[in-house]
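S.K.: Everything below, folded, please.
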Amino acid sequence: MQSLTSTSHIDSRRLLLLDQAAACFRRLGYQAATVRDVAGALGMTTGGIYAHYGSKEALLVAVYTRGVEQIYEHVQAALARSAPKGPDRLRAALTAHVEFLLSGGDYAQVVIRVMPDEAPEAVRAELIRLRDRYEAVFTAIVKDLRLKRGIDRRVFRLLVLGALNSTQRWYSKRGLTPSQIAGCLFAMLGSAIEETS
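M.R.: Numbers count the residues shown, from 1 in each chain. Sure, this is the predicted structure:
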């Protein structure tokens, strides 16, 4: 499987740094978190962070890249086990996306909470590129669906992604499981898909 990004060869020190940055960005929010917060949690100096990543924005891109790659690989693994086309692929992607998002991981939360359009201008285009490459998975799935007349594919895809990404705002471990949530979403979206004979 071809990697979405090039983060698979990160050395262990950088990975530890990214893990801590993702945790800080999730806990404090990207805007409020500082390089000093990340450095302090690791027992490093801010200069040590800057030696690896030249700015807080570059650190955000690295965290976001790793998060997108993780969710991409999780969804691709689910798709590899599903039918080659049709509604089953949508169900597999929905389930994998929701399971990953609600797993509690810091990277997933940063990817969902830091909106590329609201990111610092210096890195906005890169975050949008990463987001769009991931969303292309859903574009391809929706393209192969037989949608009912009058259903716009772009709107359908955006509705799917919006519904998936909003689950982290209201999810409770005392309620439905991530798989059950994905099943409910699929059942609702299914009304827009033509039945196959």
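
S.K.: Okay, now the unreliable bits of this protein?
M.R.: For the chain, applying pLDDT under 70 flags the ranges 1-10, 196-197.

S.K.: now the strands for this protein?
M.R.: In chain order, the chain shows no strands, with DSSP state E as the criterion.

S.K.: In the longest helix seen in it, which residues are buried?
M.R.: Counting residues, the longest helix in the chain under DSSP state H turns out to be helix 56-80. Buried residues in helix 56-80, counted by 16 or more other C-beta atoms under 10 Å: 56-76, 78-79. Using the backbone N, CA and C atoms, a C-beta is placed for each residue, glycine as well.

S.K.: Then stretch 170-183?
M.R.: Those would be Tyr171, Pro178, Ile181, Ala182, Gly183, for stretch 170-183 by 16+ other C-beta under 10 Å.

S.K.: Then stretch 84-95?
M.R.: By 16+ other C-beta under 10 Å, the buried positions in stretch 84-95 come out as Pro87, Arg89, Leu90, Arg91, Ala92, Ala93, Leu94, Thr95.

S.K.: export the buried residues of stretch 170-183 to TSV and tack on distance to Asp144?
M.R.: Listed next are the buried residues of stretch 170-183 as TSV, based on distance: C-beta to C-beta, whole Å:
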residue	distance to Asp144
Tyr171	29
Pro178	24
Ile181	23
Ala182	19
Gly183	21
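
S.K.: shouldn't Ala23 be in contact with Asp106?
M.R.: Yes: counting by C-beta atoms under 8 Å, Asp106 is a contact partner of Ala23 at 4.8 Å.
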